[in-house]
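Novice: sequence first, predicted coordinates after that:
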Amino acid sequence: MNEPQKSNLINPDFKYKTFAQEDRYVMYALEYLREGNKEEAADLFEKLYENTFNNEYLLEYSRLSFALKRYDDLIEIIEKNREKITNSEDNILKIYILALVQKSEFEKAEKEIKNLLKIEENDSIYELLGSVYIRKGEYNKAKELFGKIYERTSSISSLLSLTDIMYRYTNQRAEAINLLESYITIRGCDNIICSRLLELYQNENNIDGVISILKRTYITFKDKGNAQALEKIYKLLMFYLEKKDVKEAISFLEESGANDEKLLSLYKATQEYKKAYTLANKLYEKSSNIDYLAQIAIIEFEMAKDKRKVLKGVIKKFEYVLTVLDSHVYQNYLGYLLIDYDIDVKKGLYFVKKALEKAPNNLAYIDSLAWGQYKLKDCENAYINMKKVIDATGLNDDEIRLHWEKIKECNK
């Protein structure tokens, strides 16, 4: 048996009869939503509305139908019940307007928006009108409208819409970028604005602009303690910094302290051995990581003017490192030193062969092997192995060319 008529809480002027299964249907609809089943939830909210004319149910139905792209169904139910929906129900009408836009019914959408504006001049409604202008291809009207909204409110949404129109439709790319730059200069690096500006800089291949925004964003995320986002920004920033200028990448790492491990590798790559040596020692003292001791040994040797003076200490460091680490890189490095400087060729070959067990196709290691074999007068095998290196790399490297000439002479 139906209950007496009650006032709709949203629209007190409209009377509706409660639906006997209302609570049950609401419970089922909410459960469907929890499960992510929007189709079934939408169907239930439609039934709830048709049996109660409660606009809360129509709003939920409209949201779900729009998300499911059921634009025709959404438009039909709202137009069929238009007299029951007052203009104060602007959330329902906004979704209705968006559905009209999706169906390219622009004139009808524009008319509905202007009716809403007669009742209340609201920026969100003006932005809706602007989106209709864009879909109609009336870009100058849209630009003027969003420009006025931005002048009045300085809202992020209006700025994004305005600059998007300028960049994509009215051939004002530089002006759009300038507007976004002005915003972050005055108000700081808002995530959405900086992301948009980064996208435009990337489109324009403006590496300086990209780096500038990424540095700002890095500082913002660092201050907020957002470690995951910070790591992503750092990797992207380092990619562009190294692409532009390794020295600028080094400066950033020195100033920010973002990644001393990366800084050390860049010092070595640019042969800034004094800085590399100081940093490697600092990292070793801080962490006691034996790998840093090996790097100290390499840097010490590479930076020495008279390499024989440091050779004994460098070899001692490597021998200690290799009691702990089973590294083919360090095994080959030590082995080559022992061979090249005639310290202990047989021992050097032992380490080189251990390195080759792990990386049998490494040409640098094969070169070390051939050089050791040459030193032991095993000219035939030295030639065979050195030929592999030459066939793969050619004779551009001075050291390889020297080895090849010596080994060829030996093999005659």
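Specialist: Perfect, thanks for sending it.

Novice: going forward, measure contacts between C-alpha atoms and count neighbours the same way
Specialist: Noted.

Novice: the helix or strand hosting E231: which residues count as buried?
Specialist: Under the criterion of DSSP states H and E, E231 resides in helix 227-244. Of all the residues in helix 227-244, those buried under the rule 16 or more other CA atoms under 10 Å are 230, 233-234, 237-238, 240-241.

Novice: before we move on, what about stretch 33-49?
Specialist: In stretch 33-49, counting by 16+ other CA under 10 Å, buried: 33, 38-42, 44-49.

Novice: nearest to L162 among the residues you listed?
Specialist: Set against L162, the nearest of the buried residues of stretch 33-49 by CA to CA is K38 (33.5 Å).

Novice: help me confirm that that closest one comes into contact with Y32.
Specialist: Yes: counting by CA atoms under 8 Å, Y32 is a contact partner of K38 at 6.8 Å.

Novice: quick one: least confident helix or strand in this structure?
Specialist: Of the helices and strands making up the chain, the lowest-confidence element is strand 6-7, at a mean of 40, by mean pLDDT, DSSP states H and E.

Novice: what about stretch 70-81, average pLDDT?
Specialist: Stretch 70-81 comes out with an average pLDDT of 95.

Novice: again with stretch 119-129
Specialist: 88.

Novice: next: stretch 46-55.
Specialist: 91.

Novice: tell me, how many residues neighbour T278?
Specialist: Neighbour count for T278, taken as other CA atoms under 10 Å: 13.

Novice: now the one 5 residues further on
Specialist: L283 has 17 neighbouring residues, counting by other CA under 10 Å.

Novice: show the contacting residues for it.
Specialist: Contacts of L283 were listed using CA atoms under 8 Å, 6 or more residues apart in numbering, and they are 289, 292.

Novice: and the helices in the stretch 301-412 of the chain?
Specialist: 307-324, 328-340, 345-358, 363-375, 379-393, 398-411 (DSSP state H, counting those that start in this stretch).

Novice: for the residue nearest in space to the middle of the chain, give its distance to F318.
Specialist: Centroid check for the chain by CA atoms, centre = their mean gives K232 as the closest residue, at 5.2 Å. The spacing between K232 and F318, counted by CA to CA, to the nearest Å, is 35 Å.

Novice: same deal with N140?
Specialist: To F318, N140 is 71 Å away according to CA to CA.

Novice: between these two, which one's more packed in?
Specialist: More crowded of N140 and F318, by other CA under 10 Å: F318, with 23 against 15.

Novice: quick check: that one touching L334?
Specialist: Yes: taking CA under 8 Å as the definition, F318 is a contact partner of L334 at 6.4 Å.

Novice: and the strands in the protein?
Specialist: For the chain, the strands defined by DSSP state E cover 6-7, 15-16.

Novice: what pLDDT is listed against A355?
Specialist: 98.

Novice: near it, how many other residues are there?
Specialist: A355: 23 neighbours (other CA under 10 Å).

Novice: same deal with T163?
Specialist: 26.

Novice: try the one 10 residues further on
Specialist: The burial metric for R173, expressed as a neighbour count using other CA under 10 Å, is 17.

Novice: what about the closest residue to it other than its chain neighbours, distance to E175?
Specialist: In this structure, R173 finds its nearest non-sequential neighbour in Y167, 4.3 Å apart by CA to CA, 6 or more residues apart in numbering. Distance of Y167 to E175, computed by CA to CA: 8 Å.

Novice: compare these two (neighbour count), which wins?
Specialist: It is Y167, of Y167 and E175, that has more neighbours when counted by other CA under 10 Å, with 17 against 13.

Novice: you'd agree that one is up against N178?
Specialist: No: using CA under 8 Å as the test, Y167 is too far from N178 to be in contact (10.9 Å).

Novice: what ranges do the helices span in the stretch 1-150 of the chain?
Specialist: Using DSSP H, counting those that start in this stretch, helices in the stretch 1-150 of the chain cover 22-35, 38-52, 55-67, 71-80, 90-102, 106-119, 123-136, 139-153.

Novice: and I299, which of those is closest to it?
Specialist: Using CA to CA, these put helix 139-153 closest to I299, at 57.0 Å.

Novice: list the contacts of the closest one.
Specialist: If you take CA under 8 Å, 6+ apart as the criterion, helix 139-153 is touched by 123, 126-127, 130-131, 133-134, 155, 158-159, 161-162, 165-166, 169-170.
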